[in-house]
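Chemist: Quick one: sequence plus predicted model below, questions after.
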Amino acid sequence: MGRNGMHVIVVCNEKGGSGKSTTAFHLAIYLAYQGARVATIDADSRQQTFTHYLRNRRSWAEQHEMTVPLPRHVHLPAAWGDSIRENQKAEADLFDRTIERLRDGTDFLLIDTPGFDTNLTRLAHGVADTLVTPVNDSLIDLDVLARVDSNVAAPIEASPYTRLVQRVRADRHARSGETIDWVLVRNRISNLGSRNAQQVQDTLDRVARTFECRVAEGIAERVIFRSLFPTGMTVFDPLEESRLGTGPSISHVNARQEYRSLVAALRLPLGEAGAMVERRPEAPIRLSA
């Protein structure tokens, strides 16, 4: 585990629409089904997608008397005072208190961040043990990582976001000798192979070598993720006809396996929880949020 037994996973990409909240939510619920004690933070004070997802889940579960895992959850608002310095201090104080409060009794803390640079985003990166960056399977979306020479599909210059990651990694190493495991996750992968897809993979591999991170095969583009959001369910929850109007499909089964593979690629310190078989929770639904 990370510091004092809690491993912090931060999901971030400074480009909107990369699937951060869906990825973070599925990782949190998967880990909960594995028996881990999970807490979550929504650091996106504007969109609050993660928080809405969790509220949908609680409401659906209560309405249908379902027993599903719910993480301890906190939404962190941005400060809106006249002084930027005072705002940043207030946010840092609240962030630190929240981390300390969640540390007790938590195995994994998932932090979902906004699709743009904020003080809360930088604070979250500073406590990350694992940094997960979903990247849409498109050459256009790679500029969030680096300026790329299109002729050789190689990075020329680090992006502002990559420089942020480099700074927090250097700070972590200077303070503790530890580093942050940065994993780039290909997201919304087309089911049809193409020359563009191979270029994306080749470029990501070169970015990973240049900036000392890893690339994980991610999640295909699937309608099921959009259809699950209103209910707050995930591909790991039972999709019984009496509740969702649909049974498990091939897409559902494949998406579940993709997330299992992603968790394996993240090399999280699951310990005994990692050996558990996925199961429905036996305890009543927990309504902490």
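Modeler: Everything's here; your move. Numbers count the residues shown, from 1 in each chain.
Chemist: Could you use CA atoms for every contact and neighbour count after this?
Modeler: Will do.
Chemist: quick one, helices of this structure?
Modeler: 20-33, 49-63, 84-103, 119-127, 160-176, 195-211, 223-228, 241-244, 250-266 (DSSP state H).
Chemist: Identify the residues contacting the first one?
Modeler: If I follow you right, that is helix 20-33. Helix 20-33 has contacts (CA atoms under 8 Å, 6 or more residues apart in numbering) with 11-13, 37-40, 49-50, 53, 69-71, 108, 110-113, 133-134, 225, 234-236, 259, 263, 278-281.
Chemist: Just the ones of those residues in strands?
Modeler: Val11, Val38, Ala39, Thr40, Phe108, Leu110, Ile111, Asp112, Thr133, Pro134 (DSSP state E).
Chemist: burial of Thr67, as a residue count?
Modeler: Other residues within reach of Thr67, judged by other CA atoms under 10 Å, total 17.
Chemist: so it makes contact with Ser59?
Modeler: No. Applying CA atoms under 8 Å as the test, Thr67 and Ser59 come out as separate, 11.9 Å apart.
Chemist: Looking at this protein, which strand is longest?
Modeler: Max-length strand for the chain by DSSP E is strand 181-189.
Chemist: Could you list the paired strands of that strand along with their orientation?
Modeler: strand 130-136 (parallel), strand 214-220 (parallel) (DSSP bridges).
Chemist: List the contacts of it.
Modeler: For strand 181-189, contacts defined as CA under 8 Å, 6+ apart pick out 18-19, 129-137, 204, 208, 212-222, 266.
Chemist: Equivalent analysis for stretch 251-259, please.
Modeler: So stretch 251-259 is contacted by His26, Leu27, Gly218, Ile219, Ala220, Arg222, Ile224, Val235, Phe236 (CA under 8 Å, 6+ apart).
Chemist: contacting residues around the closest residue to Thr162 other than its chain neighbours?
Modeler: Sequence neighbours aside, Leu145 is the residue nearest to Thr162 in space, at 5.6 Å (criterion: CA to CA, 6 or more residues apart in numbering). Leu145 makes contact with Ala158, Ser159, Pro160, Tyr161, Thr162, Val207, according to CA under 8 Å, 6+ apart.
Chemist: would you turn these into a markdown table with distance to Ile99 and pLDDT?
Modeler: Formatted as a markdown table, the contacts of Leu145 follow (distance: CA to CA, whole Å; pLDDT from 0 to 100):
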| residue | distance to Ile99 | pLDDT |
| --- | --- | --- |
| Ala158 | 30 | 92 |
| Ser159 | 28 | 91 |
| Pro160 | 26 | 91 |
| Tyr161 | 23 | 92 |
| Thr162 | 24 | 93 |
| Val207 | 31 | 89 |
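Chemist: Report the two of these separated the most.
Modeler: The most widely separated members of those, counting by CA to CA, are Pro160 and Val207 (14.2 Å).
Chemist: These two - which one has more neighbours?
Modeler: Val207 (26 against 15).
Chemist: Can you tell me how far the spatially closest residue to the more buried one that is not a sequence neighbour is from Asp137?
Modeler: Nearest residue to Val207, sequence neighbours excluded (CA to CA, 6+ apart): Pro155, at 6.0 Å. For Pro155, the distance to Asp137 equals 16 Å [CA to CA, to the nearest Å].
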